[in-house]
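Trainee: Here's my sequence, what's the structure:
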Amino acid sequence: MGSINNILNRLPEFYNKEIGSNIYAIMSSLAIEVDRIYDGITRLDNMIGIDTTTGLDLDARWGRLTGVIRRSGETDEQYRIRLKLRMSMETGGTVKAIQYAVAPIIGLYDASKLDDQIKIYDAFNLPPGVACDPGAIICHIYIPVHEDEIQNWNQDKLYKLHADIKDAINMNKAAGIIVAVVNLTIEII
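Mentor: I've put the predicted structure just below:
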């Protein structure tokens, strides 16, 4: 009910604005409606972007738009990654499209870690000492693995993971771009 004070402060001083007065009762009713309208506007504003939409609004707006249904027990952040993956499949070719395509394959459901764990380089942003053709990209994927799970990793699992990642990259890269290298780094955490 933050609006009541703003409304009362705009009234002339000669009005009785004390709690219990007629003016206070009328303005309090008005303030309740103003607050409801403000909350509705804020909610609608938050529904504009996929990163700010939450809960059932995320399902109703973005899930419906993309045709992606939320899985049982899936958090907003996990669902948002799948929604963005679907959207990126429609608008592939960008670094973000490739990152969103690779993220679920490596179990990454935190969009804030995309740039740290999935690095995409082209001829214009290569690390020092690395070179590639102008029409090629180099992908470096960091996969965090808990120390107690490292025994589950073998050569076959790495080959399958590498193939799945390369397929996702190829489906989402721009036409004419060559995937020069897909480098996987297992990081024990």
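
Trainee: low-confidence ranges in the protein?
Mentor: For the chain, residues meeting the criterion pLDDT under 70 lie at 1, 45-48, 65, 88-92.

Trainee: if you set the cut-off to 50 instead, what comes out?
Mentor: Across the chain, nothing is flagged by pLDDT under 50.

Trainee: What's the first helix or strand after whichever helix in the chain runs longest?
Mentor: Scanning the chain for the helix with the most residues, using DSSP state H, yields helix 22-46. Using DSSP states H and E, the helix or strand that follows helix 22-46 in sequence is helix 55-57.

Trainee: Just to be sure, residue 143 is in a helix?
Mentor: No. Going by DSSP: H, G, I helix; E, B strand; the rest coil, the assignment for residue 143 is strand, not a helix.

Trainee: now it: how far from residue 102?
Mentor: Between residue 143 and residue 102 the computed distance is 10 Å (C-beta to C-beta, to the nearest Å). Placement of C-beta: from N, CA and C, glycine included.

Trainee: Please identify which of the two sits among more neighbours.
Mentor: Counting neighbours by other C-beta atoms under 10 Å for residue 143 and for residue 102 shows that residue 102 has the greater number, 24 against 18.

Trainee: Which elements pack onto the helix or strand containing that one?
Mentor: Element membership for residue 102, per DSSP H and E: helix 95-102. Helices and strands touching helix 95-102, as assessed by 3 or more C-beta pairs under 8 Å, 6 or more residues apart in numbering; DSSP states H and E, comprise helix 76-90, helix 114-117, strand 118-122, strand 136-145, helix 155-172.

Trainee: Other residues contacting it?
Mentor: Contact with helix 95-102 is made by 81, 84-85, 87-89, 91-92, 108, 114-115, 118, 120, 137, 139, 141, 165, 168-169, 171-173, as judged by C-beta atoms under 8 Å, 6 or more residues apart in numbering.

Trainee: Would you mind listing which of those residues are buried?
Mentor: Buried by 16 or more other C-beta atoms under 10 Å: 81, 84-85, 87-88, 92, 108, 114, 118, 120, 137, 139, 141, 165, 168-169, 172-173, out of these.

Trainee: re the thing from before, what's the angle from the helix holding residue 102 to helix 155-172?
Mentor: Relative orientation of helix 95-102 and helix 155-172, computed by axes from the mean of the first three to the mean of the last three C-alpha atoms, to 10 degrees: 140 degrees.

Trainee: now helix 95-102 against strand 118-122, angle please.
Mentor: Using the same axes, to 10 degrees: helix 95-102 against strand 118-122 is 140 degrees.
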